[in-house]
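**Student:** After the sequence you'll find the predicted model.
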Amino acid sequence: MYIKACDSLHNISRPSQTPVKLLKKAVQKAENSYLPFVKLSEFNPALLQDFREKLASAKNHSEHIELASLAPSTFLASEVFSEALARTTHKLLELHDISDFLLEFTGATLCKHSSISEFVSNLADSSWPRSEFKRVSSGLKRHDRNLIKPSAEVKKVLPEDTSLLVLIPSRVESHSGQDQYFFLCFTDLTKPDWVDSVFLSALVVLLSERLRQEQNEKYAKLALDASSLGIELSENDLRNASVSYPDLVFLKKYLVRADEVSAGLQGLLRDMILHAPPKFKNFELTSRIKMPKSILRKVAKRGFGTVYKLDDIVGFRFVCLNHNDAVELRDVLVSELQSSRSWIGVSETPEDMDILSNDGYRAIHIKLRHADKRLSKIGCELQIRTVFQDAWAKASHLAAYHKNFTKSEARLIRKNLAKLAELREEADAFLIDFTQDL
């Protein structure tokens, strides 16, 4: 309890630098819980006096801000801009700080930052008909950035007595890729005369630019940190994944272990091929460790702990002449790996590993992990393809990473890839007959 009381004293000692909501909460806890504790305990009288003075100061500051927010019309637009600059000069901004500022100085009854769909889904009753949900969302989108007099449908998701809704783009990139907005709701009594969409947009641009500048500096430093660790990641890669320095250190250690696993598996595979039937020596073998950028993209939404669930960090690919060769190689690999004490998790049902997906991709996949506990969290995958399957996969990869296709072009590409997959199956079957006759 003593530690908590000291922490409370720390929180109320700097009211002007503490966010409004946090300050109000800290004052309430200090007054109701920690001040009585300090009074009853045998502490130095100077500490009790200091606690009382700091609490009184924080309480006065909190009440002043609360009164100001109840009478926002007393502020001039120029004063709001000056206050915004003063508060953000030496503070590491987050998106909710902009929300708090708008709420405090405009008198809005609600200020949330989210996408339109998130806003509606968070406030709407779960029993809403889907058609009404869509109608509210589309109604908000049509009034983008305007002062809106809410329709009956929109009012259902707003605070009571809302007569005016303001939507202002946040100007800050979101991880979800959806446009983020600030939603401000006013009643006839709370709207200041100087509040309009142009002023609010300018204010959000000012604050967002501060936030963006801080983010750029943060991720530029992280990119240098990544480079010093030997990890190739751009500022955009780091920003999209919301990565911290401890994450980079973790990733570096993980990639070092992945490299160790890859080297061990490569030696084993090459030794197998050396003692296998002569035709196996003509199979193309390539390997790769998943790029840091790809790993970040996979784990960005779920956190770095989920990297252990990825089963293809280390990848090896064989390219054979025909499908019969691929099946024969699969059986040899599965038999050798299952008999090895160094590898675990090798599938025991080879017939289930021949993948033919709906989009046309086809290959044989073998999943495995190292038996060493220190290395067992590195997921490995062996792929076996025919030359035609490999050609199809490369063509598909080129199409998938082209970002400028229209919807009609994308439909045509999917149609052509499906046709190409049919031709590939025919070619693979023909090649089996052809090579058997040689």
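**Tutor:** Received it, and whenever you're ready, just let me know what you need.
**Student:** show me the contacts for the closest residue to V261 other than its chain neighbours.
**Tutor:** By the measure of C-beta to C-beta, 6 or more residues apart in numbering, the closest residue to V261 outside its immediate chain neighbours is I378, 4.6 Å from it. Heads up, the C-betas are built off the backbone N, CA and C, glycines and all. Applying C-beta atoms under 8 Å, 6 or more residues apart in numbering to I378 gives the contacts 254, 257-258, 261, 313-314, 369-370.
**Student:** Okay, strands next: where are they in this protein?
**Tutor:** Taking DSSP state E, the strands of the chain run over residues 110-114, 147-148, 164-169, 181-186, 284-289, 314-320, 343-344, 354-356, 362-370, 380-386.
**Student:** Turn these into TSV, including mean neighbour count, mean pLDDT and distance to V205.
**Tutor:** Listed next are the strands of the chain as TSV, based on neighbours: other C-beta atoms under 10 Å; pLDDT from 0 to 100; distance: least, C-beta to C-beta, whole Å:
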stretch	mean neighbour count	mean pLDDT	distance to V205
strand 110-114	19	69	14
strand 147-148	18	62	17
strand 164-169	21	77	9
strand 181-186	24	79	12
strand 284-289	13	93	42
strand 314-320	22	94	45
strand 343-344	18	88	56
strand 354-356	13	62	49
strand 362-370	20	91	50
strand 380-386	23	93	47
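**Student:** between the ones you listed, which gets nearest to S396?
**Tutor:** Nearest to S396, of all the strands of the chain, is strand 362-370, at 10.7 Å by C-beta to C-beta.
**Student:** Can you report phi and psi for the residue nearest to V261?
**Tutor:** When read as degrees, to the nearest 10, the backbone of I378 gives phi -90, psi 110.
**Student:** repeat for V243
**Tutor:** Torsion angles at V243 (phi, psi; degrees, to the nearest 10) stand at phi -100, psi 150.
**Student:** Hmm, L222 and it touching each other?
**Tutor:** Yes - taking contacts as C-beta atoms under 8 Å, V243 lies within contact range of L222: 6.5 Å.
**Student:** neighbour count winner among these two?
**Tutor:** Using other C-beta atoms under 10 Å, the more surrounded residue of V243 and L222 is V243, with 23 against 20.
**Student:** who touches that one in this structure?
**Tutor:** Taking C-beta under 8 Å, 6+ apart as the test, what V243 contacts is 222, 233, 296.
**Student:** where does it land on pLDDT?
**Tutor:** Per-residue confidence at V243 stands at 78 (pLDDT).
**Student:** mind checking how far it is from S8?
**Tutor:** Applying C-beta to C-beta, to the nearest Å, the value for V243 to S8 is 33 Å.
**Student:** for F388, same thing?
**Tutor:** 70 Å.
**Student:** hey, which helix is longest across this protein?
**Tutor:** Ordering each helix of the chain by length in residues (DSSP state H) puts helix 197-228 first.
**Student:** Centre of the chain to it, how far?
**Tutor:** 17 Å (C-alpha atoms, centre = their mean, to the nearest Å).
**Student:** Give the buried residues for it.
**Tutor:** Neighbour-count burial for helix 197-228, counted by 16 or more other C-beta atoms under 10 Å, picks out 199-201, 203-204, 206-208, 210-211, 215, 219, 222-223, 225-226.
**Student:** same question, stretch 48-56
**Tutor:** Buried, per 16+ other C-beta under 10 Å, within stretch 48-56: 51, 54-55.
**Student:** List the ones among the residues you listed that fall in helices.
**Tutor:** Using DSSP H, those in helices are 51, 54-55.
**Student:** Turn the residues you listed into a markdown table, columns for distance to L337 and pLDDT.
**Tutor:** Output for these, formatted as a markdown table (distance: C-beta to C-beta, whole Å; pLDDT from 0 to 100):
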| residue | distance to L337 | pLDDT |
| --- | --- | --- |
| F51 | 67 | 75 |
| K54 | 67 | 80 |
| L55 | 68 | 80 |
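**Student:** Just the closest of those residues to K155, please.
**Tutor:** K155 has its nearest neighbour among those in L55, at 41.2 Å by C-beta to C-beta.
**Student:** tell me the contacts of the closest one?
**Tutor:** Listed by C-beta under 8 Å, 6+ apart, the contact set of L55 reads 12, 27, 30-31, 35.
**Student:** Quick check: of the residues you listed, which has the highest neighbour count?
**Tutor:** When neighbours are counted by other C-beta under 10 Å, I12 leads those with 25 neighbours.
**Student:** who touches it in this structure?
**Tutor:** Residues near I12 by C-beta under 8 Å, 6+ apart: 23, 26-27, 30, 54-55, 57-58.
**Student:** Include distance to Y361 when you put these into TSV, please.
**Tutor:** Shown next, in TSV, are the contacts of I12 (distance: C-beta to C-beta, whole Å):
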residue	distance to Y361
L23	56
A26	56
V27	60
A30	62
K54	65
L55	66
S57	66
A58	62
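**Student:** Quick check: helices, which of the residues you listed are part of them?
**Tutor:** 23, 26-27, 54-55, 57-58.
**Student:** what's the lowest-pLDDT member of these?
**Tutor:** Of all the ones in helices among the contacts of I12, L23 carries the smallest pLDDT score, 72.
**Student:** Would you agree that residue is in contact with A58?
**Tutor:** Yes - between L23 and A58 a contact is recorded at 6.4 Å, counting by C-beta under 8 Å.
**Student:** Could you measure from S396 over to F318?
**Tutor:** Using C-beta to C-beta, S396 is found at 19 Å from F318.
**Student:** Same question for R270.
**Tutor:** The value you get for R270 to F318, if C-beta to C-beta is used, is 12 Å.
**Student:** What of C185?
**Tutor:** Remark: distance between C185 and F318 (C-beta to C-beta) = 61 Å.
**Student:** do the same with D325
**Tutor:** In this view, D325 and F318 are 9 Å apart by C-beta to C-beta.
**Student:** and F318, what are its bridge partners?
**Tutor:** Beta-bridge partners for F318, by DSSP bridges, are L285, I384.
**Student:** Could you pull up the residues touching it?
**Tutor:** Contacts of F318 by C-beta under 8 Å, 6+ apart are 283-285, 326, 329, 382-385.
**Student:** follow-up on the earlier one: using JSON lines, please lay out the contacts of V243 together with distance to S115 and pLDDT.
**Tutor:** Listed next are the contacts of V243 as JSON lines, based on distance: C-beta to C-beta, whole Å; pLDDT from 0 to 100:
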{"residue": "L222", "distance to S115": "26", "pLDDT": "87"}
{"residue": "L233", "distance to S115": "27", "pLDDT": "88"}
{"residue": "L296", "distance to S115": "22", "pLDDT": "87"}
